[in-house]
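**Q** when you get a sec, could you give me coordinates for this:
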Amino acid sequence: MALLKVRRGDSILAVTNPPSMPILALILSFIVRVPYSLVVHDVYPEIMVACGLTSRGSLSFSLLTWINKSVLGRAESIFCIGRDMQEHLTRARGVGTDEGIKVISLWADSEQIHPSPRGDNRLLQKLGLIDKFVVLYAGNMGYPHDIETLAAAIREIEYDEGIHFVFIGSGPKQTVLERLVAHGVRNITILPPRPRSDQNEFLNACDVAILSLVPGMLGLAVPSRTYNLMAAGKPIIAMVAETSEVARVVREEEIGWVIEPRAIDKTAQAIRAAKENRGKLLAMGVRARQAVETKYRRETILGQFDAALHPRPADLQN
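**A** Numbering: from 1, shown residues only. Coordinates of the predicted model:
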């Protein structure tokens with residue numbers, strides 16, 4: 001492990017995946033007397049509370065919260081992937097300011113993923129969905145994801161034979177969808193996870209894509225699939241908190257709809273609105289790809305890290 005090779009004069013850059021990595025960075029920083037910085041992708045243990053896997057009153061939550069405050073407080077710099085996460089980390093660190101906490105978003109695989117003609121999509125052809133309005137959910141179906149609300153919205157509009165839902169992925173909440181199929185809902189296709197090499201094909205196999213998080217996830221995570229969907233030029237229905245990073249991006253770039261988690265009727269309405277506004281969807285898709293080209297390319301994001309970690313004299317004066 002790279003962290004175990006740290007020597008005096010080095011500095012540590014630790015990512016929060018796995019959650020134990022920042023703790024190890026803190027320990028090594030103390031032992032070897034070197035500084036460390038954090039790249040925060042997920043915020044624990046708060047995510048476990050939002051997912052119903054623990055409670056704020058538990059001993060483990062209290063212990064992990066104390067450890068995280070120490071980790072954040074001793075970090076030389078903190079990089080996070082959303083403005084809502086920056087706000088959360090500012091509170092969690094407990095020093096009353098966001099100084100030293102910088103937002104640098106995730107990037108899109110814009111070289112490998114790009115908009116492609118819907119009519120040529122092999123997955124849609126294979127599934128016989130070329131003539132349907134296709135709604136895509138691609139990614140994990142885990143505890144942080146609001147699959148229950150999406151399933152309830154599907155029940156509301158299952159009578160519309162022109163709409164079909166494609167789910168690609170797996171996770172404990174996949175059973176929610178399998179129960180729908182078992183009860184006779186026919187406008188759903190559930191596919192297993194596909195390799196990253198197939199991303200351009202399956203991300204383009206839709207008219208609109210859905211992202212969803214359960215309530216309580218504000219400031220704790222940002223779905224990485226967001227930026228690759230944008231690279232594919234896909235409008236997004238974001239079932240997320242109103243002030244989350246994803247909601248801000250969707251609104252700022254005008255690339256979709258934002259629906260609060262657990263809002264079944266509004267989710268169904270957004271899907272219907274997307275189907276009824278094909279021209280609007282095309283314009284959203286163009287803007288999504290343009291946003292990736294100007295803001296979320298890999299080179300752009302890595303350049304922001306480089307500037308933050310190796311500031312030039314002129315930057316230090318500003």
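**Q** the domain parsing of the protein - what is it?
**A** 2-103, 118-294 (automatic domain parsing).
**Q** least reliable of the ones you listed going by mean pLDDT?
**A** Lowest mean pLDDT of the domains of the chain: domain 2-103, a mean of 89.
**Q** hang on, the earlier thing: the domains of the chain into a markdown table, with extra columns for distance to Pro311?
**A** Every residue, glycine included, has its C-beta placed from N, CA and C. Listed next are the domains of the chain as a markdown table, based on distance: least, C-beta to C-beta, whole Å:
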| stretch | distance to Pro311 |
| --- | --- |
| domain 2-103 | 11 |
| domain 118-294 | 23 |
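**Q** of those domains, which approaches Asp306 most closely?
**A** With C-beta to C-beta as the measure, domain 2-103 is the member of these nearest Asp306 (11.9 Å).
**Q** one step back: which of the domains of the chain sits most buried?
**A** domain 118-294 (a mean of 19; mean count of other C-beta atoms under 10 Å).
**Q** quick revisit: for Leu302, which of the domains of the chain is the nearest?
**A** Leu302 sits nearest to domain 2-103 of all these, at 12.0 Å, using C-beta to C-beta.
**Q** could you say which helix or strand contains Cys14?
**A** Let me fix one detail, which is that residue 14 is Ala and not Cys. Under the criterion of DSSP states H and E, Ala14 resides in strand 12-15.
**Q** on the three-state scheme, the residue most central in space within the chain is what?
**A** Within the chain, one residue has its C-alpha closest to the average C-alpha position: by C-alpha atoms, centre = their mean, that is Pro223, at 0.7 Å. When classified by DSSP: H, G, I helix; E, B strand; the rest coil, Pro223 comes out as coil.
**Q** ok, now how distant is it from Tyr44?
**A** In this view, Pro223 and Tyr44 are 17 Å apart by C-beta to C-beta, to the nearest Å.
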